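S.K.: With the sequence up front, the predicted model follows.
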Amino acid sequence: MIEKRLSFCIIHAYLKKSTNFHKKNGQIMTQPHQNIINPSYFEAEEEKILEKISARKKELGDQLLILGHHYQQEAVFRFADKTGDSLKLARSAAEAKDSRFIVFCGVHFMAESADILTSDEQIVMLPDMRAGCPMADMATIEEVSRAWDELTGVIDSTSVPVTYVNSSAKIKAFVGKNGGSVCTSSNAERVLTWALSKGKRVFFFPDEHLGRNSAYALGIPQEEVVLWERGKPLGGNSPEQLKKSRVILWNGYCTVHMQFSAGHVDMWRKKEPHAKIIVHPECKNEVVDKADLYGSTEGIINAISDSPAGSIWAVGTEINLVNRLSRQHPDKVIRSLSPFQCLCSTMYRIKPGYLLWVLDGLAAGRTENRITVDNTTAEQAKIALERMLAI
Ligand code: 13P
Ligand code: SF4
């Protein structure tokens, strides 16, 4: 649980022949593409699909590990061997030495991290290649490299790059190469502290809000936190502003968490004064500021699980997690902070039919939707990921 201010807290795309089992060494990653999937996987009754997934899981045994992020829909989440937030799932992948096949029920960047952290003999698969993250797509390697060159062209003191785990493997590699680290929503403050001990300032991407919330939590004054607007020379800043800065924030954001507003907090305070308000640090600072607590998905789960029976919670995060918490704790009142359903539509692309298709493929000796990161990118990104795991 993370106390406020003490927080430490992407069907038929185009045809591609299925690959047979092979080592990933030497493979070059191309654009994510979705292999063809037989329409029967969507036409069958859900109950039948769930039964078949159970049977396949049993058949594949210990060589299969299914990882599930907390935002997954229930019909998929129930089959996860390990569940967690981004950090926990990265650790689970790194520790899964005995699992030959890792099916990642989450989004693309998470599966890339799993591929980077596993051995060459292990195969990582994403049931639907269209399960991406809009926020991760807001910082391309070309944009970030250009911005870095511009920044280092006007200041001579050291800047340390930090990327939120919600970023491509290429961005992670860039960070690894330039002395920085990855962070997640549960360790952003710790990683920022580490980075600020290594250089005068941190260039943080892609999530403006996680970066801002973490910087403020560390007591960094607002005037030393500047926004780098994509597409503008020097991100829309003067060289002087950049020289004075301690934290430079890329202007990316999560389309789900941006839907929570300070007005929602005010509404709950009025309607239910006893409710505790807990939000994810991808929310805007004005929301985090008004909330009682904030934390990663795992932090939110722990805070609610540890609260006494009768507690009332308004939760500012993705709806599948909020609904699951509500089902798991019938003795507590757990609702979304927003009156509207804040669904992560890309996480929602992982449907039971896709999971079954991947498992059926494995049983038939095929790897569908394999995620591979080329060796050079993987090596550099691993440096940044391992720095985080060590911090
Ligand atoms: P965590 O699970 O790390 O809190 O991150 C939330 C998220 O938005 C994942 O994409
Ligand atoms: Fe990306 Fe937000 Fe969905 Fe997480 S919840 S995968 S940050 S869009």
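M.R.: Cool, got the structure. Numbers count the residues shown, from 1 in each chain. Ligands and ions are numbered 1, 2, ... in the order given.
S.K.: Could you find the closest non-adjacent residue to Lys243?
M.R.: Ile155 (5.4 Å; C-beta to C-beta, 6 or more residues apart in numbering). (Glycine included, C-beta is placed from N, CA and C.)
S.K.: Show the subsequent helix or strand relative to the one helix or strand Lys48 maps to.
M.R.: For Lys48, the enclosing helix or strand under DSSP states H and E is helix 46-60. Later in the chain than helix 46-60, the nearest helix or strand by DSSP H and E is strand 64-69.
S.K.: same question for that following strand, mean pLDDT?
M.R.: Here strand 64-69 scores 98 as its mean pLDDT.
S.K.: Report the angle between it and helix 46-60.
M.R.: Strand 64-69 and helix 46-60 are oriented at 130 degrees to each other (axes from the mean of the first three to the mean of the last three C-alpha atoms, to 10 degrees).
S.K.: Is ligand 2 within reach of strand 64-69?
M.R.: No. Strand 64-69 stays clear of ligand 2 (C-beta under 6 Å from any ligand atom), getting no nearer than 8.1 Å.
S.K.: Going by neighbour count, which residues of that strand are buried?
M.R.: Neighbour counts over strand 64-69 (16 or more other C-beta atoms under 10 Å) mark Leu64, Leu65, Ile66, Leu67, Gly68, His69 as buried.
S.K.: Just give the nearest non-adjacent residue to the first one, would you?
M.R.: The spatial neighbour of Leu64 that comes closest, neighbours along the chain excluded (C-beta to C-beta, 6+ apart), is Phe101 at 5.0 Å.
S.K.: Quick check: bridge partners of that neighbour?
M.R.: Beta-bridge pairing for Phe101 (DSSP bridges): Leu64, Ile123.
S.K.: about what we covered before: tell me the gap between the helix holding Lys48 and the middle of its chain.
M.R.: The chain centroid and the centroid of helix 46-60 are separated by 27 Å, computed with C-alpha atoms, centre = their mean, to the nearest Å.
S.K.: Not counting it itself, show me its contacts.
M.R.: Residues outside helix 46-60 that contact it (C-beta atoms under 8 Å, 6 or more residues apart in numbering) are 41, 64, 66, 75, 79, 101, 352-353, 355-356, 359-360, 362-363.
S.K.: try 7 Å this time
M.R.: Leu64, Ala75, Phe79, Pro352, Gly353, Leu355, Leu356, Leu359, Asp360, Leu362, Ala363 (C-beta atoms under 7 Å, 6 or more residues apart in numbering).
S.K.: on that earlier part again, need the phi and psi values for the residue nearest to Lys243.
M.R.: Here is the backbone geometry of Ile155 (degrees, to the nearest 10): phi -130, psi 150.
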